[in-house]
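Novice: A structural model of the following input is requested.
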Amino acid sequence: MNLIGNPGFETGTFASWMTYNAAINRSYVQTGFFSAELAGGMTNAYIQQVVPIAPNASYQFVISLAKSSSLRAPMMSIFLLFLDASQKTVALGFALSMRTLNQPESQTGAWKTIVESTTIAPASAAYALVFIHKVPQDQSSPVLVDDIGLYSLGRGGK
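Specialist: As a prediction, this is how the structure comes out:
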């Protein structure tokens, strides 16, 4: 079961998400009718969501990305933090920074899907914060995001 709410933005809104310089895109999608578009250029842009999780478990994160123009692909930073019941950070689940030079253009219908496994959530973890950030970069393309997933891989060690 996907723990992410509104994972493909199919509500046509950012319900379940907190955003900054992001918009719903209806022109280019991997599946469904909508995707999220993070503003290009020298603009900071992100989407984030906090979801309840089980402690002592590991998770698999999935995301699909594409550029929405022929401009160069910007740097992306994607991470997952485990939070306690008061939503204070207790551990890093994973962190991924990448230059998306081989990110496909959405006009071609090609998307890059990234799959990342987390560390085991600490016993004190109650939530996960998923943060997807497009780093400001001059003359860089907006980035499209679609089909985000967070799936439990089951219990780990204590």
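Novice: State the distance from the spatially most central residue of the chain to residue 29.
Specialist: In the chain, the residue lying closest to the centroid (C-alpha atoms, centre = their mean) is residue 132, at 4.2 Å. According to C-beta to C-beta, to the nearest Å, residue 132 and residue 29 sit 16 Å apart. For every residue, glycine as well, the C-beta is placed using N, CA and C.
Novice: repeat for residue 131
Specialist: Residue 131 is 22 Å from residue 29, by C-beta to C-beta.
Novice: same thing with residue 126?
Specialist: 33 Å.
Novice: Tell me which of those two has more neighbours.
Specialist: residue 29 (21 against 18; other C-beta atoms under 10 Å).
Novice: Mind listing the residues bridging to the residue nearest to that one when sequence neighbours are not counted?
Specialist: Once flanking residues are discounted, residue 29 sits nearest to residue 35: 4.7 Å by C-beta to C-beta, 6 or more residues apart in numbering. Here residue 35 sits in beta bridges with residue 25, going by DSSP bridges.
Novice: Please apply the same query to residue 76.
Specialist: residue 98, residue 134.
Novice: One more: the one 5 residues further on?
Specialist: According to DSSP bridges, residue 92, residue 129 are recorded as the beta-bridge partners of residue 81.
Novice: pretty sure it contacts residue 94?
Specialist: No - contact criterion C-beta atoms under 8 Å: residue 81 and residue 94 do not qualify, at 9.4 Å.
Novice: Compare these two (neighbour count), which wins?
Specialist: Remark: of residue 81 and residue 94, residue 81 carries more neighbours, 22 against 14, as counted by other C-beta under 10 Å.
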